[in-house]
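S.K.: need coordinates for the below:
(chains A and B)
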Amino acid sequence: MSITILKPGISASIQDFGRWHYQKYGVPVGGVMDKMSSSIANIICGNEVNEALLELTLHGTEIVFNEDAYCCISGDGCNAYINETKIEFNRLIKIKAFSILKTKPTRYGCRAYLAIAGGFQVNKIMGSASTYVASGIGGINGKNLATGDIIQFTHKIKKVILDTSIQLGENGFAYTNWHINFKHQHNNSNHTSINCVKGPEWNLFNQPSQHTLFNTTFTVSNDSNRMGYRLEGNELSLIQKQEMLSSAVAVGIIQVTPKGQPIILMADAQTIGGYPRIARVCSTDISKLAQSRPGDVISFNQITEDESYTKLREQDKKIDQLKISIEMTNR
Amino acid sequence: MIIPRIYSIHDRAITIEFSQTIDEHINMQVIAWQQEIESNPFPGFIECVPAYSSLTIYFDADCNIEEFKNQLQHKINIVENTTPLNITEKKQGVQPIEIPVCYEIEFGFDLPWLTSHLNMSIEEIIQLHIKNIYRVYMIGFIPGFPYMGILPPKLVAPRKQHPSLKIPAGSIGIAGKQTGIYPTDIPGGWQIIGRTPLTIFNKLNEPTCLLKAGDNVRFIPISKKEFDQFQ
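M.R.: Below you'll find the predicted structure:
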C-alpha cells in the first residue's frame, strides 16, 4: 500500500504534531503549520488528530496512488484534482488505484493537508514523523518530499468511516455519502486579522511602536518559511536599545530584529531566541496565519491573555465534537 | 534577593525569568526548578526548557493555566520568603564530563587571528581554555549546541563579523564569555579554536545529546594522532 510522489510542487513534507520533550536539547517542536486543517483531514479519515500526513505548500504537487485508498484533503492554497476532475476539500474520498492527485494554483491560502485513512507509515525520530529539514530529521531521510519518493500507508482503517456502498465512477474516485459542516477560520482573502496578546517585552517598546503594531498593516515577506514569517511594515523600536539574554521561545512569538522588523516564529522555529518579543499570536490563530502566503497583508488585533486561553479551549472542544459527530453519524 | 518574573510565551507555555544575567548561581536555580518540576510533574506537564536565567514550562489542555500560574507564584513566594536558594540543584555527577579536543590549527582555524587579537601565543590560549571547568548553561540555537561558560576574561573575543559558511561538526568555538561546541556542520560566527572527535548530538540515538544544562565540562587536549584514532 503506497503512494508515489510524481512532483513535490512548491514544497511538500511529512508532518504530524511535532517532536515534544526534546526542546531542552535544542530540538524544535516542528510539525504541521496549520493544526486546525490537518486535524480536520485526519478526523475525516478516522485517524488520530496527530497522525502523520502530507503538508502541501501552495500548488504543483502530483501524487499517484498505487492502491485503492480513502483520503481527505483539507486546508487551502490550492485547488485539488483527481484524474483532472476537481475535488472538494474536507470530504472523505475513495480513490481508485493508479489515480493521480494534482494541486493547482488558487488565489488564497498557503497549505493543504492530505491525510490517508489508516495513516502513512513513517519512521518516528524522537517520537515524531515530522520533517525538520534544517537538521535532516524525520520524514523521508530528513528531507522535503521529492520526485520518486514512495510513502507506505497502513490499511488499519477504522470501520466508522468505511462506506462499502460507494461505487467508484469512471473518474477514479467517489465521495462517501456523509460530509461535515465545518467552516475554516481563514476567509478566502489576502488580508487576515490575527489575534495577539502583549508579549514579555511589550513594555520595552516605545509608544509609537506599540500603536503601530495594532493600528497598521504588515505584509508577509518573501523570506517567510516554516521557521518564521518575516513582516514588512513600519519599523518597531525599543525605548532604549538593549541586548537581551536568550531564553525559550515558542510558535507565535513576535520578535523584533535590531532593524525593527517583526518576525513571527512558526512551527520550525528555534527553541531559544534573544530578540525582544513585542507580542504573541494566540494559539488558535496560528492556523489562520499559516494560511497567509508571501505578499498577503496581516493586521493584528489585541485581546487579553484570558480571552486567548478561552478561545483555545473552545477550539479544542470544537475538534472533539467534530470527532464525536463523525463517529455518531457512521455508527 | 531574586524576584522572578512569570509570563506566558504561548497559550500553553510560561516562563519563570529569574534575572537577565549570565550567572552560575542563577542558572543553578533554573536547573533546580527544572529538576523539581520534572520529578513532581503536575497534570498536563509536557516539558521544561532551561535557558541562562529562565525556565520555560510547556503543558497541555489538562492544565488550567490560570490556576497553574497562581500555584507557581505561590510556590516561588514561599521559596523566596524563606531562603532564596531553598531549592538546591541535585548534583548531576561528581566528576566533570571530559571532552577531548585537538587544538591543531587545522581544526582551530581561528587561532592565528586570536593570537594577534588577544596578544597571546596559541599555547597560552590553549592553556587558558583547558584551565577552567565550564558549566553548560543551556542547549539551543541548533539541536545539541551547548552554551558553556564562563571563559577566563583574557580569552574574551568578539564573534566574527562575517560568519563562516560551514563550521565542521565537533568544532569548539568561543564568543564573548562563552564557549560552545558545534554539533553538526553549520554556518556560524564563533571563533574556532579546536575540534572534538566526540559526537555531541546524535539525531538517531536516545538520549540524543551528550550534554545537558547543568552539566560540568572539562576540555582535555589531545594530539592529531589521538584525534584520528578516535574515529
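S.K.: any stretches of the chain with poor pLDDT?
M.R.: You didn't pick a chain, so chain A it is. For chain A, the stretches flagged by pLDDT under 70 are A:159-164, A:184-187, A:330-331.
S.K.: actually it's chain B I care about, not the one you picked
M.R.: B:1-2, B:78-94, B:205, B:207, B:231.
S.K.: hey, where'd the strands end up in it?
M.R.: Counting by DSSP state E, chain B has strands at residues B:5-10, B:13-17, B:45-50, B:54-59, B:97-102, B:134-139, B:146-149, B:164-167, B:171-175, B:178-181, B:186-188, B:191-195, B:216-222.
S.K.: chain center to stretch B:29-37: distance?
M.R.: 15 Å (Cα atoms, centre = their mean, to the nearest Å).
S.K.: list the buried ones in it?
M.R.: B:Q29, B:V30, B:I31, B:A32, B:W33, B:Q34, B:Q35, B:E36, B:I37 (16 or more other Cβ atoms under 10 Å in any protein chain shown). C-betas here are computed from N, CA, C, even on glycine.
S.K.: up against chain B, what does the stretch 51-200 of chain A have?
M.R.: Applying Cβ under 8 Å from any Cβ of the partner chain, one finds that the stretch 51-200 of chain A approaches chain B through A:I125, A:M126, A:A134, A:S135, A:G136, A:I137, A:G142, A:V197, A:G199, A:P200.
S.K.: how about the last one, nearest residue that isn't a chain neighbour?
M.R.: Translated: A:P200. Closest residue to A:P200 apart from its sequence neighbours, by Cβ to Cβ, 6 or more residues apart in numbering or on different chains: B:Y7 at 4.6 Å.
S.K.: run through the residues that contact the one you found.
M.R.: A:P200, B:I14, B:T15, B:E17 (Cβ atoms under 8 Å, 6 or more residues apart in numbering or on different chains).
S.K.: how many other residues sit next to the residue nearest to the second one when sequence neighbours are not counted?
M.R.: Just to be clear, that refers to B:I14. Spatial nearest neighbour of B:I14, excluding adjacent residues (Cβ to Cβ, 6+ apart): B:S8 at 5.2 Å. Neighbour count for B:S8, taken as other Cβ atoms under 10 Å in any protein chain shown: 21.
S.K.: thought A:D306 was touching B:S8, still the case?
M.R.: No - B:S8 lies out of contact with A:D306 (Cβ atoms under 8 Å); the separation is 10.8 Å.
S.K.: need the strands for the stretch 151-300 of chain A, in chain order.
M.R.: Using DSSP state E, counting those that start in this stretch, the strands of the stretch 151-300 of chain A run over A:173-175, A:191-198, A:217-220, A:228-232, A:247-248, A:253-256, A:262-265, A:272-273, A:277-281, A:297-302.
S.K.: what strands flank the fifth one, and is each parallel or antiparallel?
M.R.: When you say that, I think you mean strand A:247-248. Paired neighbours of strand A:247-248 in the sheet (DSSP bridges): strand A:272-273 (antiparallel).
S.K.: identify the residues contacting the strand it pairs with?
M.R.: By Cβ under 8 Å, 6+ apart, strand A:272-273 touches A:26, A:246-249, A:253, A:255, A:265, B:49, B:51, B:138, B:140-141.
S.K.: point out the residues in the stretch 201-331 of chain A that sit beside chain B.
M.R.: Counting by Cβ under 8 Å from any Cβ, the residues of the stretch 201-331 of chain A that sit close to chain B are A:244-253, A:270-272, A:277, A:280, A:282-284, A:305-306, A:308-309, A:312-313, A:316.
S.K.: show me just the buried residues among the residues you listed.
M.R.: A:244, A:246-253, A:270-272, A:277, A:280, A:282-284, A:305, A:308-309, A:312.
S.K.: which of the residues of the stretch 51-200 of chain A next to chain B are buried, as a PyMOL select command?
M.R.: Buried subset of those, written as a PyMOL selection, criterion 16+ other Cβ under 10 Å:
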select buried, chain A and resi 125+126+134+135+137+197+199+200
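S.K.: how near is A:R226 to B:T115?
M.R.: Remark: distance between A:R226 and B:T115 (Cβ to Cβ, to the nearest Å) = 42 Å.
S.K.: and those two? which has more neighbours close in?
M.R.: A:R226 (26 against 15).
S.K.: now do the contacts for the closest residue to the more buried one other than its chain neighbours.
M.R.: Closest residue to A:R226 apart from its sequence neighbours, by Cβ to Cβ, 6+ apart: A:D268 at 4.3 Å. Applying Cβ under 8 Å, 6+ apart to A:D268 gives the contacts A:P28, A:G30, A:Y132, A:V133, A:A134, A:N225, A:R226, A:M227.
S.K.: SS state for A:Q321?
M.R.: Classification of A:Q321 by DSSP: H, G, I helix; E, B strand; the rest coil places it in helix.
S.K.: give me phi/psi at the closest residue to A:K86 other than its chain neighbours?
M.R.: Nearest non-adjacent residue to A:K86, counting by Cβ to Cβ, 6+ apart: A:N79, 6.0 Å away. Per-residue torsions, A:N79: phi -100, psi 140 (degrees, to the nearest 10).
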